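Student: Give me a 3D structure for the following:
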Amino acid sequence: MNSSAIRQNHYVPIWYQKGFANGRSASLHVLDLDPLRTVLGDGRIIVGRPVNIRAPKSCFWAPDLYTTKLGSIYNDDIEKYFFGEIDNLGAKAVRAFAKNDLRAMHEMFQQFFQYLDAQKLRTPKGLDWIRSSYPRLTQLTLMIEMQSLRQMHCTMWYECVREIVSAENSDVKFIVTDHPVAAYNAICPPDSEMCRYPSDPPIELVGTQTVFPLDAETCLVLSNLEYAKDPDNVDLTRPRTHARYRGKTITRTDAFIRKRHLTRDEVISINRLLKARACKYVAAGKEDWLYPEKSHPGGWSDIGKTLLPPKDELWHFGGEIIIAYADGTSYYQDEFGRTTGPHEHLRKKQPSKPLERNDQCGCGSGRKFKNCCERRQKEDRPSWEFYSIRERNGMFINAMKNILGLDDGKSWDDVRKDLSDEIGRAHV
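Tutor: Down below sits the predicted model:
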């Protein structure tokens, strides 16, 4: 066995934990959501202490989480080299974002989001999410798959409304969990299907927000632009416009909202979300902060009010980008990363009232609503907003029939007689 291999793998880095530790003792109060239960010989059950005080080095680690093994030889390359580089750059990036160091934020913009994506996948919950899609993975293939999935969320995060909120004016500060990158959707409470372990509400849903505390005093909130602009009139479970994993995009690295100083209740509401998305461990600078559900004044959907960015600051985001290059070429991108515009001519006219069962279905299938989409959930239906491929093909066929005169009573024999090279050249 390679005795020098690192087998105690911290899935939440020590440097990150220190940002939440008690300033005097540099320690954390750690809550075990499922403490060890020991059954004694006489049938009594002894439950371990749920809360302990620990140094960051002793928190959020698991044996051989990233270690691979060949025979009796252990390999720690994932911990040492893969996460080593990500954490080195991530530590600088997270501190720059927390301190509002604009120059460093610009220089390390991509490294920050790459770290954020790796942090979402590297936890026990993140790895279990990968396993849930690929149940036959071995430890080695799991590590390979984790590396191949990294940066999958970055493109959509780049295009989000980015806000960093402060807990400076609150006596309660942000907590840290064993799954720090939390996803929130107002209509997906912890007991919903989308939140069943190890799943989170997918970030491509228009109403899903990503929450990541930078340290005890600051927290990043990422919101899809459509939701931020009109939160009361969007379907929170439909995909955002031009949702995609990976892909190129252009964004402003200086566009951040940093004006909000949260109240005590607002910080507690974010802590409630963070704890709800945790797997087993929650930590904080003070023990009282570990139980936000006891003092949060509202329901699950009320957390969204805290996370919603201020509308008067949304001018930082969206709009069109046009770049002219020296060689005469140009680049265009709209607010959703599309390079060809929204194709308004493909947008359908929406029905003015709910469809009756015998009306033609809004998806364009040509069938009655009762025989098509009536029994489907909205998120499972084809788009009613844009013409489907079937409808576009029908529009093309109808246009060709009109050009060839088939709608005027001509037969195919008549069309063939009228066709000639001269006519073809004239049309060209």
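
Student: Please name the residues that touch Arg338.
Tutor: With contact taken as C-beta atoms under 8 Å, 6 or more residues apart in numbering, Arg338 is in contact with 241-242. (Glycine included, C-beta is placed from N, CA and C.)

Student: Tyr332 versus that one, what's the distance?
Tutor: The gap separating Arg338 from Tyr332 is 9 Å, by C-beta to C-beta, to the nearest Å.

Student: now do Asn9
Tutor: 45 Å.

Student: Looking only at neighbour counts, state which of these two leads.
Tutor: For Asn9 versus Tyr332, neighbours defined as other C-beta atoms under 10 Å are more numerous around Asn9 (18 against 12).

Student: Retrieve the pLDDT associated with that one.
Tutor: Looking at Asn9, its pLDDT stands at 95.

Student: and it, bridged to which residues?
Tutor: Ala62 (DSSP bridges).

Student: Report the contact partners of it.
Tutor: 61-67, 79.

Student: Same check on Pro239?
Tutor: Neighbours of Pro239 in contact, by C-beta under 8 Å, 6+ apart: 204-206.

Student: ok, 6 Å please
Tutor: Contacts of Pro239 were listed using C-beta atoms under 6 Å, 6 or more residues apart in numbering, and they are Glu204.

Student: Roughly how far does it sit from Asp312?
Tutor: Taking C-beta to C-beta, one finds Pro239 at 27 Å from Asp312.

Student: Can you report how many residues neighbour the residue lying closest to Thr177 once chain neighbours are set aside?
Tutor: Residue nearest to Thr177 in three dimensions, not counting chain neighbours: Ala278, with 3.8 Å by C-beta to C-beta, 6 or more residues apart in numbering. Using other C-beta under 10 Å, Ala278 has 21 other residues around it.

Student: need the contact list for Ala278.
Tutor: With the criterion set at C-beta under 6 Å, 6+ apart, Ala278 makes contact with 177-179.

Student: Surely it is within a strand?
Tutor: No: the assignment for Ala278 by DSSP: H, G, I helix; E, B strand; the rest coil gives coil, which leaves it out of any strand.

Student: Against Leu33, how distant is it?
Tutor: In terms of C-beta to C-beta, Ala278 sits 7 Å off from Leu33.

Student: Check for me that Glu79 belongs to a helix.
Tutor: Yes: under three-state DSSP, Glu79 sits within a helix.

Student: Could you list which residues are in contact with it?
Tutor: 6, 9, 66.

Student: Isn't the first one up against Asp76?
Tutor: Yes: if you go by C-beta atoms under 6 Å, Ile6 and Asp76 touch, sitting 4.3 Å apart.

Student: Show me where the stretch 201-350 of the chain has its strands.
Tutor: Under the criterion DSSP state E, counting those that start in this stretch, the stretch 201-350 of the chain contains strands at 209-213, 218-223, 281-284, 321-324, 330-333.

Student: Relative to Leu140, tell me which of those wins on proximity.
Tutor: strand 281-284 (26.6 Å; C-beta to C-beta).

Student: buried stuff in the closest one?
Tutor: 281-284 (16 or more other C-beta atoms under 10 Å).

Student: count of residues packed around His345?
Tutor: Neighbours of His345 (other C-beta under 10 Å): 6.

Student: ok, Met400 to Arg196 distance?
Tutor: 49 Å.

Student: Please pull out the lowest mean pLDDT helix or strand from the protein.
Tutor: helix 421-427 (a mean of 52; mean pLDDT, DSSP states H and E).

Student: Just the pLDDT for the residue nearest to Val221 when sequence neighbours are not counted.
Tutor: Spatially, and ignoring its direct neighbours in sequence, Val221 is nearest to Glu163 (4.8 Å; C-beta to C-beta, 6+ apart). We have a pLDDT of 98 for Glu163.

Student: What distance do you get for Glu163 to Gln377?
Tutor: Counting by C-beta to C-beta - Glu163 and Gln377 are separated by 31 Å.

Student: ditto for Ser170
Tutor: Relative to Gln377, and taking C-beta to C-beta, Ser170 is found at 39 Å.

Student: between these two, which one's more packed in?
Tutor: Ranked by neighbour count (other C-beta under 10 Å), Ser170 and Gln377 place Ser170 first, with 17 against 8.

Student: For the more buried one, which residues are in contact?
Tutor: So Ser170 contacts 262, 264, 267 (C-beta under 6 Å, 6+ apart).

Student: Ok, Cys219 next?
Tutor: Contacts of Cys219 (C-beta under 6 Å, 6+ apart): 165, 174, 213.

Student: buried subset of the residues you listed?
Tutor: 165, 174, 213.

Student: what number of residues lie near Tyr197?
Tutor: 12.

Student: Point me to the helix or strand that includes it.
Tutor: Assignment of secondary structure by DSSP states H and E places Tyr197 within no helix or strand.

Student: about what we covered before: using TSV, please lay out the buried residues of strand 281-284 together with pLDDT and distance to Gly304.
Tutor: Below are the buried residues of strand 281-284 laid out as TSV (pLDDT from 0 to 100; distance: C-beta to C-beta, whole Å):
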residue	pLDDT	distance to Gly304
Tyr281	97	26
Val282	98	21
Ala283	98	25
Ala284	97	23
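
Student: Now the nearest residue to Phe82 once chain neighbours are set aside. Its backbone dihedrals?
Tutor: Once flanking residues are discounted, Phe82 sits nearest to Gln147: 6.6 Å by C-beta to C-beta, 6+ apart. The phi/psi pair for Gln147 (degrees, to the nearest 10) reads phi -70, psi -40.

Student: Leu28 pairs with what?
Tutor: Here Leu28, judged by DSSP bridges, has bridge partners Arg54.

Student: Provide the count of other residues in contact range of it.
Tutor: Neighbour tally, Leu28, other C-beta under 10 Å: 27.

Student: List the contacts of Pro201.
Tutor: So Pro201 contacts 183, 185, 188, 194, 208 (C-beta under 6 Å, 6+ apart).

Student: at 8 Å what do you get?
Tutor: 183-185, 188, 194-195, 207-208.

Student: So which of those residues is the closest to Lys353?
Tutor: For the contacts of Pro201, the nearest to Lys353 is Gly207 (24.9 Å; C-beta to C-beta).

Student: didn't the closest one look like it was pressed against Leu236?
Tutor: Yes: using C-beta atoms under 8 Å, Gly207 is in contact with Leu236, at 2.7 Å.

Student: Neighbour count for those two, which is higher?
Tutor: Gly207 (22 against 18).

Student: Quick check: that one vs Arg240, distance?
Tutor: Distance from Gly207 to Arg240, by C-beta to C-beta: 9 Å.
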